[in-house]
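Asks: no sequence on hand, only this structure:
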């Protein structure tokens, strides 16, 4: 690598892992979440229109803050993905229901080539952590996913890890609640190796904006069913049997 000219500031090296944290009024949860980002990783908090000072607090706590004015879980997640520059990108809810330090083995599995996408299978730690309507919606979607792709997954949880360039190559289009499912569907269609790891699931801090009510859950299921109705692509860009990034490994 060529040395920088005398007096020139060295360009900062990208963090080995970026953690995307979609955020809408999560000031109460942010200190707990950001304190559990593994050392050396970068937290990217995507503010999706907060009015409780979440963006300023996240910045004060050392996170990179991205503004995404378009409301929608998918819009926030994708804005974070576009802002990332690490080789591996993780996603985690910003409501303290999931511990981002649990992503370490997810990242290792991707880095070692064991999986191309790793998802967290949520295990509720306390009564009420996962409301019945949200759990039923998740169960219905995993069954529909199995019929659509053949994948035998138990959860479509938000804790996940994959390589950034591969995620960008999926060309995800949903910007609402269907984004997490679209990621899995398109990854399955592309022949990715997808794995699950059990993770403890805590009661969230604050009010849920998506699955905290029957109405919110219904909207999320509606968005995800629209994703499942999309036909698989007619052909794959990867060679048969080879997952994303195969040539680089």
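Replies: Cool, the structure landed. Please read all numbers here as calculations on a predicted model, not as lab measurements. Numbering: from 1, shown residues only.
Asks: please name the nearest non-neighbouring residue to residue 173.
Replies: The shortest distance from residue 173 to any residue that is not its chain neighbour, by CB to CB, 6 or more residues apart in numbering, is 7.1 Å, and that residue is residue 182. Where you see a C-beta, it was placed from the backbone N, CA and C, and this is true even at glycine.
Asks: confirm residue 20 sits in a strand?
Replies: Yes - assessed with DSSP: H, G, I helix; E, B strand; the rest coil, residue 20 lies in a strand.
Asks: hang on, the earlier thing: quick one: average pLDDT of the host helix or strand of the residue nearest to residue 173?
Replies: Counting by DSSP states H and E, the element that carries residue 182 is helix 179-189. Throughout helix 179-189, pLDDT has a mean value of 94.
Asks: got it, and stretch 137-153?
Replies: Per-residue pLDDT values over stretch 137-153 give a mean of 87.
Asks: now the strands for this protein?
Replies: Under the criterion DSSP state E, the chain contains strands at 17-23, 42-47, 64-67, 88-91, 117-124, 160-163, 194-201.
Asks: TSV for those, including mean neighbour count, distance to residue 153 and mean pLDDT?
Replies: Listed next are the strands of the chain as TSV, based on neighbours: other CB atoms under 10 Å; distance: least, CB to CB, whole Å; pLDDT from 0 to 100:
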stretch	mean neighbour count	distance to residue 153	mean pLDDT
strand 17-23	28	21	98
strand 42-47	25	25	98
strand 64-67	18	29	98
strand 88-91	27	16	98
strand 117-124	21	7	95
strand 160-163	25	11	98
strand 194-201	18	6	97
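Asks: centroid-nearest residue for this protein?
Replies: With distances taken as CA atoms, centre = their mean, residue 91 lies nearest the centre of the chain, 2.8 Å away.
Asks: what is the neighbour count of the closest residue in space to residue 62 that isn't next to it in sequence?
Replies: The spatial neighbour of residue 62 that comes closest, neighbours along the chain excluded (CB to CB, 6+ apart), is residue 34 at 7.0 Å. By the measure other CB atoms under 10 Å, the count of residues near residue 34 is 20.
Asks: look up how far residue 200 lies from residue 34.
Replies: 19 Å (CB to CB, to the nearest Å).
Asks: max-length helix in this protein?
Replies: In the chain, with assignment by DSSP state H, the single longest helix is helix 132-149.
Asks: picking that back up, pretty sure the residue nearest to residue 173 is touching residue 175, no?
Replies: No - contact between residue 182 and residue 175 fails when scored by CB atoms under 8 Å: they sit 9.9 Å apart.
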